[in-house]
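# no sequence on this one, just coordinates:
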């Protein structure tokens, strides 16, 4: 009987801990003052995702005119209201790279940081 109470207590604590834990992002709170801009995206659409390995949100944008081309863009600053996986957004910004970016995991994938100048919710179709 004593073992059952201990098991129930441990299970309860684990369940409580899993409910109260939140995803915390290690995203930078601001963009670097100086970086070399590699390109600009203007008024494009993408989908928000979350990288569990790096604990960061990103935006996936399909590359126009390709079959498998995709940009994975890590914003240096992203407002909390956009931190929702599978959220469709309309955005603009400057692309740049740093040494801390993850390596591409898919063929046709290119990975950048993005300094967002505009981001908005995209209505569902």
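Right, received. Where do you want to start? Quantities reported herein were computed from a predicted structural model and do not represent experimental measurements.
# when you work out contacts or count neighbours from here on, use the C-alpha atoms and nothing else.
Noted.
# tell me how far the nearest residue to residue 108 once chain neighbours are set aside lies from residue 120.
Using CA to CA, 6 or more residues apart in numbering and skipping residues adjacent in sequence, the residue nearest residue 108 is residue 69, 4.4 Å away. Separation of residue 69 from residue 120 (CA to CA, to the nearest Å) stands at 23 Å.
# residue 45 now?
For residue 45, the distance to residue 120 equals 10 Å [CA to CA].
# show me which of those two is the more surrounded one.
With neighbours defined as other CA atoms under 10 Å, residue 45 and residue 120 compare such that residue 45 has more, 19 against 14.
# which residues touch residue 53?
Listed by CA atoms under 8 Å, 6 or more residues apart in numbering, residue 53 has no contact partners.
# how near is it to residue 109?
17 Å.
# got phi/psi on the residue nearest the centre of the chain?
For the chain, the residue sitting closest to the mean C-alpha position, by CA atoms, centre = their mean, is residue 57 at 1.6 Å. Note on residue 57: its backbone torsions stand at phi -80, psi 150 [degrees, to the nearest 10].
# nearest spatial neighbour of it, skipping sequence neighbours?
In space, residue 57 is closest to residue 50, 4.3 Å off (CA to CA, 6+ apart).
# quick check: the one you found touching residue 60?
No: using CA atoms under 8 Å, residue 50 makes no contact with residue 60, being 10.1 Å away.
# which one's more surrounded, these two?
Neighbours per residue (other CA under 10 Å) separate residue 50 from residue 60, with residue 60 holding more: 21 against 18.
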